[in-house]
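Trainee: how would this look folded up:
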Amino acid sequence: MRPLPDGRHAIALTGDVAAVYDRRWMSFVGKAVNASHPHVSVGTFVRTWSTGESIIMATGKPVGIPSVTIPARLKPKPLFLIALTVCTMLVGCNKPTAKDRPSTPLVDAARSQIGVTLRYDGTYEKLAYPAGDVPRECGVCTDVVIRALRDARQFDLQQAVHEDMKADFAAYPKLWGLKSPDTNIDHRRVPNLQTYFERKGWELPVTSNPDDYQPGDLVTCKVDSGRPHIMVVSNRLNSKGVSLVIHNLGKGAQEENLLFYWKLTGHYRLPTAP
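Mentor: Coordinates of the predicted model:
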């Protein structure tokens, strides 16, 4: 591998086309994973965290060329060619399949946020009440769910959670030192949403069976940092028949193959009219 001027490495070059990676964090179509992470499968498309160049992974190491043009400032000179055949090994791609299930309004509303919500920002903000929101170009994982429920069902989690917390504040987690409900932040915290869903009777068993997860279900987990996270189950399936999820982990709203990537901590299905 030939080092590039900024410390990254060119894996394969042909003319002005190359695959580039570094040992810093990379994104698995928006999911932060290390270049050598064991869960990155052969043929998986990976997009770099900072620059967006796509490459193909094999056995946890970048080895392919998906036709990515390298900016002139990054081109190593002279260019060289490494013969690679992995470009045909696309077994790990997360493209929708012909077996996708019918969508739901909630899934459609979550998916409509892709390309609109472009970054993750958990800054505490003063919100209007009810129906308060931060600018749609940013947000956190819970905002994907909050916005989808408002758009698809005209159901306002901000108001619903606040009213339930006022009725029984002691039933909710005491993780933030609050002594009373806060309409600006309560509904944007995953543990509070889990408690609300459980109190409403919307909790389902957490299993490892993909068939148990329907489009529009909500699932929670703890990501590698231990941070609670929530995702919307998509109608789209990977090549093994496992649902994709729609969420915001760090790069805005994304649809990804991550349903069982972390250990699930909750599974919820809202009634038709909550």
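Trainee: Number of residues surrounding Gly250?
Mentor: Applying other Cβ atoms under 10 Å, we find 17 residues neighbouring Gly250. All C-beta spots, glycine's among them, are computed from the backbone N, C-alpha and C.
Trainee: same check, this time on the one 10 residues further on
Mentor: Residues near Phe260, counting by other Cβ under 10 Å, number 15.
Trainee: before we move on, what about Trp176?
Mentor: 11.
Trainee: any low-confidence regions in the stretch 51-200 of the chain?
Mentor: 51-98 (pLDDT under 70).
Trainee: where along it do the strands fall?
Mentor: 54-58, 61-62, 68-69, 119-120, 138-139 (DSSP state E, counting those that start in this stretch).
Trainee: tell me the secondary structure for Ile221?
Mentor: Small correction: residue 221 is Cys, not Ile. Three-state assignment for Cys221 (DSSP: H, G, I helix; E, B strand; the rest coil): strand.
Trainee: hang on, Glu203 packs against Tyr196?
Mentor: No - using Cβ atoms under 8 Å, Glu203 makes no contact with Tyr196, being 10.5 Å away.
Trainee: Look at these two and report which has more neighbours.
Mentor: Ranked by neighbour count (other Cβ under 10 Å), Glu203 and Tyr196 place Tyr196 first, with 21 against 14.
Trainee: separation between that one and Phe260?
Mentor: Distance of Tyr196 to Phe260, computed by Cβ to Cβ, to the nearest Å: 24 Å.
Trainee: what do you get for Tyr268?
Mentor: From Tyr268 to Phe260 the distance is 16 Å (Cβ to Cβ).
Trainee: neighbours around the closest residue to Gly139 other than its chain neighbours, how many?
Mentor: Once flanking residues are discounted, Gly139 sits nearest to Thr117: 5.4 Å by Cβ to Cβ, 6 or more residues apart in numbering. A count of nearby residues for Thr117, using other Cβ under 10 Å, gives 24.
Trainee: now do Asn238
Mentor: 21.
Trainee: what about Arg236, which SS state?
Mentor: Under three-state DSSP, Arg236 falls in the strand class.
Trainee: repeat for Gly266
Mentor: Under three-state DSSP, Gly266 falls in the strand class.
Trainee: Now for it, how many residues are close by?
Mentor: For Gly266, using other Cβ under 10 Å, the count is 20.
Trainee: Arg101 now?
Mentor: The burial count for Arg101: 15, using other Cβ under 10 Å.
Trainee: wait, it sits on Asn235?
Mentor: Yes - in terms of Cβ under 8 Å, Arg101 counts as a neighbour of Asn235; the distance is 4.5 Å.
Trainee: Quick check: neighbours shared by these two?
Mentor: Counting by Cβ atoms under 8 Å, 6 or more residues apart in numbering, the common neighbours of Arg101 and Asn235 are Pro215.
Trainee: Could you find the closest non-adjacent residue to Thr207?
Mentor: Nearest one to Thr207, counting by Cβ to Cβ, 6+ apart, is His267 at 7.7 Å.
Trainee: OK, contacts around that neighbour?
Mentor: Here His267 is in contact with 203-207, 212-213, 217-220 (Cβ under 8 Å, 6+ apart).
Trainee: what do you get for Val140?
Mentor: Going by Cβ under 8 Å, 6+ apart, Val140 touches 120-122, 188, 248.
Trainee: Please list only the buried members of these.
Mentor: 120, 122, 188, 248 (16 or more other Cβ atoms under 10 Å).
Trainee: The residues you listed in helices, which ones?
Mentor: Within the buried ones among the contacts of Val140, no residue falls in helices by DSSP state H.
Trainee: from those, which is closest to Arg153?
Mentor: Set against Arg153, the nearest of the buried ones among the contacts of Val140 by Cβ to Cβ is Arg188 (18.2 Å).
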